[in-house]
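Engineer: please find the sequence and the predicted model below.
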Number of protein chains: 4
Amino acid sequence: MGLVSTAFSPEALLNLRYDNLGICHTRYSTSGISELQNCQPFVVDTLHGRIAVAHNGELVNAHALRKKVMRHGVGLSTSSDSELITQLLAFTPPMEELDAPDWVARIKNLMMETPTSYSLLIMYKDVIYAVRDPYGNRPLCIGRIVPISKLHSPGTGEGDTEGWVVSSESCSFQSIGAKYYREVLPGEIVQISNHGVKSLTVVPRPEGDLPAFCIFEYVYFARPDSVFEGQMVYTVRQRCGRRLAIEAPTDADVVSTVPESATPAALGYAQQSGLPYIEVLCKNRYVGRTFIQPNTRLRQLGVAKKFGALTDNFAGKRVVLIDDSIVRGNTISPIIKLLKEAGATEVHIRVASPPIRYPCYMGINIPTKEELIANKPEFKDIAGYIGADSVEYLTVEGLVSAVQEGIASQQEKEKMISSTNKSSRRVGHCTACLTGKYPVELEW
Amino acid sequence: MGLVSTAFSPEALLNLRYDNLGICHTRYSTSGISELQNCQPFVVDTLHGRIAVAHNGELVNAHALRKKVMRHGVGLSTSSDSELITQLLAFTPPMEELDAPDWVARIKNLMMETPTSYSLLIMYKDVIYAVRDPYGNRPLCIGRIVPISKLHSPGTGEGDTEGWVVSSESCSFQSIGAKYYREVLPGEIVQISNHGVKSLTVVPRPEGDLPAFCIFEYVYFARPDSVFEGQMVYTVRQRCGRRLAIEAPTDADVVSTVPESATPAALGYAQQSGLPYIEVLCKNRYVGRTFIQPNTRLRQLGVAKKFGALTDNFAGKRVVLIDDSIVRGNTISPIIKLLKEAGATEVHIRVASPPIRYPCYMGINIPTKEELIANKPEFKDIAGYIGADSVEYLTVEGLVSAVQEGIASQQEKEKMISSTNKSSRRVGHCTACLTGKYPVELEW
Amino acid sequence: MGLVSTAFSPEALLNLRYDNLGICHTRYSTSGISELQNCQPFVVDTLHGRIAVAHNGELVNAHALRKKVMRHGVGLSTSSDSELITQLLAFTPPMEELDAPDWVARIKNLMMETPTSYSLLIMYKDVIYAVRDPYGNRPLCIGRIVPISKLHSPGTGEGDTEGWVVSSESCSFQSIGAKYYREVLPGEIVQISNHGVKSLTVVPRPEGDLPAFCIFEYVYFARPDSVFEGQMVYTVRQRCGRRLAIEAPTDADVVSTVPESATPAALGYAQQSGLPYIEVLCKNRYVGRTFIQPNTRLRQLGVAKKFGALTDNFAGKRVVLIDDSIVRGNTISPIIKLLKEAGATEVHIRVASPPIRYPCYMGINIPTKEELIANKPEFKDIAGYIGADSVEYLTVEGLVSAVQEGIASQQEKEKMISSTNKSSRRVGHCTACLTGKYPVELEW
Amino acid sequence: MGLVSTAFSPEALLNLRYDNLGICHTRYSTSGISELQNCQPFVVDTLHGRIAVAHNGELVNAHALRKKVMRHGVGLSTSSDSELITQLLAFTPPMEELDAPDWVARIKNLMMETPTSYSLLIMYKDVIYAVRDPYGNRPLCIGRIVPISKLHSPGTGEGDTEGWVVSSESCSFQSIGAKYYREVLPGEIVQISNHGVKSLTVVPRPEGDLPAFCIFEYVYFARPDSVFEGQMVYTVRQRCGRRLAIEAPTDADVVSTVPESATPAALGYAQQSGLPYIEVLCKNRYVGRTFIQPNTRLRQLGVAKKFGALTDNFAGKRVVLIDDSIVRGNTISPIIKLLKEAGATEVHIRVASPPIRYPCYMGINIPTKEELIANKPEFKDIAGYIGADSVEYLTVEGLVSAVQEGIASQQEKEKMISSTNKSSRRVGHCTACLTGKYPVELEW
């Protein structure tokens, strides 16, 4: 429990039996309460040996699947999707030979049972399977560890055995000396072993369905130096800021950011609008990220201690303040108050994403509909409610095109794994939290 | 993890949702390593709701049962028998109606699958089932909580609803103000609910098999104030001491004990032999019980700090020192050395139980055969090996009759639950660790 | 904070810079609250280097001494006597040469400032001074570590350098392989260094004053295997039991003990009276000693869980129950109730020490006068109050003679350190908690 | 020990006896190892009652003062300056009446004994004294808590009793709803009590000496939203960047920052140079500040995980990277490597402060002379050593004038406390770590 650095003592790490493969998981609690027993990976002994599963996402039909598993006479000891997945994988399919488990067939069976959302790592003996759901809702990408000696005479592709890592976000590769290699495709099962990386199959979506990668990863969730679909998240956010400057121009003196996540959009807005970019707030570095705190009261208290006002930079000026998103409206309101008390003559809020109106059932911890500011009566006069002089949002169309315009040009540069998989490269994103259009029908 | 008093903070206890029933478990690790995930009770969600299982004992055929469960396609997330039992109970028997689980039938099925050893508490909604295996290998008894107001006009039997507790040892009842009521019989399933205590059935042993209650509970394991089969453990130990004085008399000046567990046997020996009883050692009260420490080195270091020699009581005298058992021979040897250095002229060891020679597969954590002193070459000259002037053990026959002579006279005083259960009251004990005769064939 | 075994991790012990001397302290909080800052030894840097002081006892004139030290312009950072003593030692006496501290003169000065009670270890560079106050109120004794190789050709006395230890109680020597050597005499300053043990001086008491070793150490506080004034504590307690049987005989069937501390007295009573000795209670080994628990409520709750009744041993019998002392009367009352509920027909309490009536200002944590049962109105009918059939105490004269009759015969056997110190071997004990006669006038 | 949020449990805070004043301290360990016993405030009982002292800074003559105190016969139990100060204050000055301590005289005496560096809070009964050394080396400022009800009809000055806080940095006021009021002047003793804030005296510097406020607070140490000498730290850093652009222009495509502390200087450089400002690195928000980590190895490992490269922003471009300071050169080198591997064609380092060459003996934890990169042979080719295409530093003159040009214009706006204190308003800064010119002679 807790951050990796506190959860694992140096002693505990030394006691790991290091071998040549392993999986781990840092859990951002969505479904299932934050309890030790829900920690991942989930490990079970099966007739054929031990399997371990790490899961990012949330099964849209988890409730029905739990019923199904329990109807087989299985008891479930946790509320986690990961245990559910291990038990589904432990089930012997009728066609399977008794002594030779066909894990790929079992994984395909699992993928038939649940459309989304999951990115999985499944470890069995000396193999790891990296799996992404057919809609590609959650990210998953592969990195390659090149030994320093090989940096100037690089290996020759997937058969190369230097070392491989799989991660939700590519930003993690740099920390351990790995290089981004490619994404796992929607529906793809990739095998990683001593023999290197091998694409086993791509399970298709229903005819006519587009991929549905979570657009909120671009807006807020991912680290800016991560790469999805061939483009850096930072660049997308900067494009959102430029587009916002076109959609919602402001008569003001300076442009600034709610640090740090809105900074690329603010710089984009400043570049497009021609207004000077300044800093109005400095972060108190001993206070953590707002979004990840599990408790409403802590979130509100935190805002007050989180920022310092750089008074002399904006006293007597009209400020355009760019934020990446407004979820509950709790955070922005005290910031505006802070700026006005410190001498800003006007504060105009420009939000580099559309209003969030709908719950996410696919792994992002968005508040309930009732808590979302965009669903409250106060939203009609949102500027008055939060104390701003004006508030404007980026449109859904603006966001989608800011995201998708970078993909087309990237596709040709990208290494394609096989011409037969072309259909999975069609472009599409899940905008359910903004539009209410979910990629699959929700079963309950 | 740890003692109850350290594992549960007062805050944690206050956060329990108190209701009118509950089960808990303090684990004495036998099979399965001492890990958080093996903690009991084990809880699973089944098709019909949540069940929780606490288990004392060790399933002799656990390995085969695990295979069987996994062959059904179930993954097992721990190495504990308790999880295995929950998964066996979660399985829907073919004859059962879909919407009405027949837990008693399921428990009977479980009892058909595994003969011994288990005492179980199974909680489901508003009912607790207390179950003892057909051989009665592990203890289980029922206590009754009588409200203070009722102490002078007691209730009228099993239909009374004042409050009931179930425990391995009756000694625990006194601590919470409960009174011993009766044992759960070998093979019996007892239901405890708001409607009181109800005996549901008694699953029989194979024709001709005797009960096999663990004789080691009398010798060492149980607390002396506990009652099994109608007799106080202390009294049995005292009888063992008397019998030992007859079987192995000594020409000495004083009788003493390795405190505290051998004291009843030492007093019995003194009474029978007519030698004066004195104390030769005082315990350092800040050092724990030898047997329960998990690590050999700690055990050995502990002996040195554990006892103080009461020099003036025995200097210049010949001492008969009674011990309850000699397992590895690590403990007694430094004690003898201590007494001789402090002035004892002779030290004769008399052991109030026979030599332990065989492993226990039924829940008592006896060392491996190789570690048992009785199986080592040195055993031929055990007195020389441990530094004693002589060593004698109680015979198996002596132990068995010391145990069983108290039962016959008790049986008529005891409340019988039904005349049809007479067969289960036949007398028999498991002496496997002493004789190698296990109550059932061991399957692996 | 906490028991030594929990306060010091193995890592912390390994990080100690082992040298050839050291002092430590396990604190039994009397004056000064139980806080980290009051932990001992107290260490200060002085003009001449670092000194460390460990103190057992309580300075009767601590308040006046604190004022005196503060009047010198010194701030005191804790409420402990140990800091006070370090600051008194740090003071340069007027006659001292600047560059050569005369620690023995400073210690003598300290002893002139405060008559009692203190046993001290003072460490400075490569010397430890062991000091006992002129009244010898608190114990202090020296043990000798003889290397195994020398056990058969022992050294030649104080000049021998094998290794020495100093402790309040001799029982601790055995745990580390040391042998009892001798007591530090009342008023003596002993120097321990690489050159062995050397008696430096004996500071006298005022003319006519007797020594005043705490008689309560014999009654309750010390471990039974410790030796004071040449006699084993256990033997004194047994003598108290014999004397009690003469002073307060009982018409009963069996004699028993409140385990474990009253057992020697109970065996003494049984031997003298001819009544059989039995056990009526067994201790729950997971519950700590009553006296040392810091909180009244915990003490009371503890009693209920502390003992199990060995019912069959005494049902239908008249029991004489020996206790070593009755302080508040909280403990004995539930025990009597327990025995009667379990079937004892009569319970007679015989206490192997006189009633405690007065506070101790010299280091024993006796409750306030108001809390002592002997000072309460209920004491007139103490038997009725605690539910016993009769209650009798040992007289003060009985206790004093039980203690002192063993000393005379021991004195000639004992190694005297010098004929000039004969006066300090006169016999006398502090009975202040029983009689109100304090060895020195109390200053406040 | 640890961050405030982990060191104080909510329970511990509730157990504080809240009164109307208090002092606390978060310790940044400089002299004295990081140990519990060195925690502040240091509290002692004196003849006149308890005093508590919290200290920011480091006494340049601590060693001589310790000797002096110990020569008085006082033992010092810690290595902290705070204890030393309490003992100096506890000393009764010769002229003082016995029953009426004159704390102000004692504080003045203390200030005569040690010239610098210290900002102190001294609490005694119902008064807090806020003290700054005559050179004003460490910061100290006063804030005022205005109750919400009074926000629109503010109080009337120092006699007002609404509430006052004292802090090293003004940035902390905002977190608790206080407003910056004024600095404590160099040499000033300010009394804070129920009667409000009162300036008692200003102890002068030796004739001719200038104030010596630490210039490194502006460069790196302080939070950018803090105000010293009437100017916001952020503004000073931005001016340093502008001056650096003049002193050391670069032929490049973009300007960027080592986030976050160099950002104001980078924006200043961009504004002055006309080059576009971009971001090249994003911070991993779960890794702490480099400077404050106590251990070299942790510092180096940390760099690798601390930043992500925003590749697409600078690939193919020539980057001017602004840093606030280069201490050891460990941090900048891997950053340059990171940027070049990610595609920067050139990386030019511009440092917004001069090279650090000398140790600080006044409270800033600067590495030893040998560890400072500016003192190593490699410094001659610093660009080559760290892998940059060029490296330039701001000059000492440039830094000093960037700091001081803002002060003159601020002085008239500022509220002066008294015309007699004019001399203390002369401008001067400690640049010892850059120039080796210490404000006072160093005594050892």
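Structural biologist: Sure thing, it's come through.

Engineer: excluding its backbone neighbours, what's nearest A:Asp133?
Structural biologist: A:Thr116 (4.4 Å; C-beta to C-beta, 6 or more residues apart in numbering or on different chains). Where you see a C-beta, it was placed from the backbone N, CA and C, and this is true even at glycine.

Engineer: just give me the neighbour total for that neighbour.
Structural biologist: 27 (other C-beta atoms under 10 Å in any protein chain shown).

Engineer: part of a strand, is it?
Structural biologist: No - using DSSP: H, G, I helix; E, B strand; the rest coil, the assignment for A:Thr116 is coil, not a strand.

Engineer: so it makes contact with A:Gly363?
Structural biologist: No - with contacts counted by C-beta atoms under 8 Å, A:Thr116 stays clear of A:Gly363, the gap being 9.3 Å.

Engineer: just for chain A, where's the confidence low?
Structural biologist: Along chain A, the parts satisfying pLDDT under 70 run over A:1-7, A:10, A:13-14, A:17-19, A:28-36, A:98, A:147-161, A:285-304, A:409-425, A:443-444.

Engineer: ok, which stretches of it are helices?
Structural biologist: Per DSSP state H, chain A carries helices over the ranges A:4-7, A:10-15, A:62-71, A:81-90, A:103-113, A:171-175, A:216, A:233-247, A:263-273, A:296-306, A:332-341, A:382-386, A:396-413, A:432-435.

Engineer: could you dump the ones you listed into JSON lines with mean neighbour count and distance to chain D added?
Structural biologist: Shown next, in JSON lines, are the helices of chain A (neighbours: other C-beta atoms under 10 Å in any protein chain shown; distance: least, C-beta to the nearest C-beta, whole Å):
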{"stretch": "helix A:4-7", "mean neighbour count": "10", "distance to chain D": "8"}
{"stretch": "helix A:10-15", "mean neighbour count": "8", "distance to chain D": "11"}
{"stretch": "helix A:62-71", "mean neighbour count": "17", "distance to chain D": "29"}
{"stretch": "helix A:81-90", "mean neighbour count": "25", "distance to chain D": "23"}
{"stretch": "helix A:103-113", "mean neighbour count": "17", "distance to chain D": "32"}
{"stretch": "helix A:171-175", "mean neighbour count": "20", "distance to chain D": "5"}
{"stretch": "helix A:216", "mean neighbour count": "22", "distance to chain D": "18"}
{"stretch": "helix A:233-247", "mean neighbour count": "24", "distance to chain D": "5"}
{"stretch": "helix A:263-273", "mean neighbour count": "25", "distance to chain D": "7"}
{"stretch": "helix A:296-306", "mean neighbour count": "14", "distance to chain D": "5"}
{"stretch": "helix A:332-341", "mean neighbour count": "19", "distance to chain D": "8"}
{"stretch": "helix A:382-386", "mean neighbour count": "17", "distance to chain D": "19"}
{"stretch": "helix A:396-413", "mean neighbour count": "16", "distance to chain D": "10"}
{"stretch": "helix A:432-435", "mean neighbour count": "22", "distance to chain D": "23"}
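
Engineer: so who does the residue nearest to A:Leu372 when sequence neighbours are not counted touch?
Structural biologist: Leaving aside its chain neighbours, A:Leu372 sits nearest to A:Ile356 (5.6 Å; criterion: C-beta to C-beta, 6+ apart). Listed by C-beta atoms under 8 Å, 6 or more residues apart in numbering or on different chains, the contact partners of A:Ile356 are A:325-327, A:366, A:372, A:374, A:433-434.

Engineer: A:Leu281 too?
Structural biologist: A:256-259, A:307-310, A:335, A:338.

Engineer: most surrounded residue in the residues you listed?
Structural biologist: Neighbour tally across these (other C-beta under 10 Å): the maximum, 29 neighbours, falls on A:Ser256.

Engineer: that residue against A:Arg318, yeah?
Structural biologist: No - using C-beta under 8 Å, A:Ser256 is not in contact with A:Arg318; the gap is 11.1 Å.
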